[in-house]
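**Student:** Next one to model:
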Amino acid sequence: MSGSAAVTGGGGFLGGAVVDALLARGERVASISRGAYPELEARGVETLRADLADDPSTLTEFLRRREVDTVYHCAARPGVFGSARLYERANVDATARVLEACRAAGVPRLVFTSSPSVVFDGGDHVNAGPDLPYPDRYLAHYPRTKAEAERLVLAADAPELATVSLRPHLIFGPQDPNLIPRLLERADARRLRIVGDGMSEVSLTYVENAAAAHLAAADGLREDPADLHGRAFFVNNDEPVRLWQWINRILEGTGRSPVTRRVPAAAAYAAGACLELAYGALRLAGEPPMTRFVARQLATSHSYDMAPFKSACRGRYHEPVGLDEATRRTIAWAGRS
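**Tutor:** Model (predicted):
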């Protein structure tokens, strides 16, 4: 398939996987990031170094000159703690500027990377569908600002700019810079505890599958937009897991002992609240070892239904890598890292 795509955050984990998938099917690809990625340029990817929250005129000209027909907006500020303004700039302001640039440059399609955390209300979500409402309050700036950005994207949907929002959950796989390294680091420091009863069921998303879903969504917007545009969908592997069983599989597969020690969910939440106050008052660098958001995430089930997305894609998406194989690949990579 021939086309011209631009990926924000193309040097990142998910963005890089989207770039790989686009190149594999012969599309012209550009990447927009704040940093330099010579390895992308070596593969024929044109790169633009820019802060997406700045004036969109440079991005507009870049998109127009390349005649981009699809923007994949993967760039975001992740994490669960930090300055509200930094999250608002990176996640909300940047998304608004990307939308402005797309409209000005005549880009007809935008696929936005959101997160299931935009609808996380602190309780269990079991095989939940995309009709979950946004909560009244958030426990961290990341989900709040991603929700604001998602609303901007969905509100921007129009005949001249079709938009869709995808919510991949807990993306993992080889080259993962966040989930797996943090898990192993905490295990090595003996700071990993099972939060709650250890029976929480969660959906995971292998990075290759997340990228495939982004391309399937873009193809659907191009060919059958009625089922996709202006909507948000959960994206994950079909099969959910018992979170702590899966974590122990990763630990044992990389030569570590399984985690067995537990902490009550209420105690973890209280510790998170205290640590957030201390880090804020003392202006400590980094993230607290526990936060209210993380405590609730680790103690509750959050699994999501892929059927609405698959139906809307009309057969364009089939899970490329099953969960068992995805986990094996990840263990093999982590064991070599």
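
**Student:** Apart from its neighbours in sequence, what residue is nearest residue 21?
**Tutor:** Closest residue in space to residue 21, ignoring its immediate chain neighbours: residue 211 at 4.5 Å, by CB to CB, 6 or more residues apart in numbering. In short, each C-beta sits where N, CA and C put it, glycine included.

**Student:** Phi and psi next, for that neighbour.
**Tutor:** Backbone geometry at residue 211, expressed as degrees, to the nearest 10, gives phi -60, psi -40.

**Student:** how about the helices in the stretch 201-337 of the chain?
**Tutor:** 207-223, 243-253, 265-282, 292-299, 307-313, 323-336 (DSSP state H, counting those that start in this stretch).

**Student:** packing partners for the fourth one?
**Tutor:** Packing partners of helix 292-299 (3 or more CB pairs under 8 Å, 6 or more residues apart in numbering; DSSP states H and E): strand 194-195, helix 265-282.

**Student:** who's in contact with the longest one?
**Tutor:** It stands for helix 265-282. Identification of contacts with helix 265-282 by CB atoms under 8 Å, 6 or more residues apart in numbering yields 81, 193, 195-196, 263, 284, 286-296, 298-299.

**Student:** could you redo the last one with a cut-off of 10 Å?
**Tutor:** Helix 265-282 is contacted from outside by 80-83, 122, 139-140, 193-197, 200, 262-264, 284-296, 298-300, using CB atoms under 10 Å, 6 or more residues apart in numbering.

**Student:** List the buried residues of it.
**Tutor:** For helix 265-282, burial by neighbour count (16 or more other CB atoms under 10 Å) applies to 265, 268, 269, 271, 272, 273, 275, 276, 279.

**Student:** A helix includes residue 151, no?
**Tutor:** Yes - assessed with DSSP: H, G, I helix; E, B strand; the rest coil, residue 151 lies in a helix.

**Student:** What sits closest to it if chain neighbours are left out?
**Tutor:** residue 134 (7.9 Å).

**Student:** Please apply the same query to residue 16.
**Tutor:** Nearest non-adjacent residue to residue 16, counting by CB to CB, 6+ apart: residue 10, 6.4 Å away.

**Student:** Please give me every residue in contact with that neighbour.
**Tutor:** 16-20, 22, 29-33, 37, 40, 45, 47-48, 72, 74-75.

**Student:** Distance check, it against residue 34.
**Tutor:** 11 Å (CB to CB, to the nearest Å).
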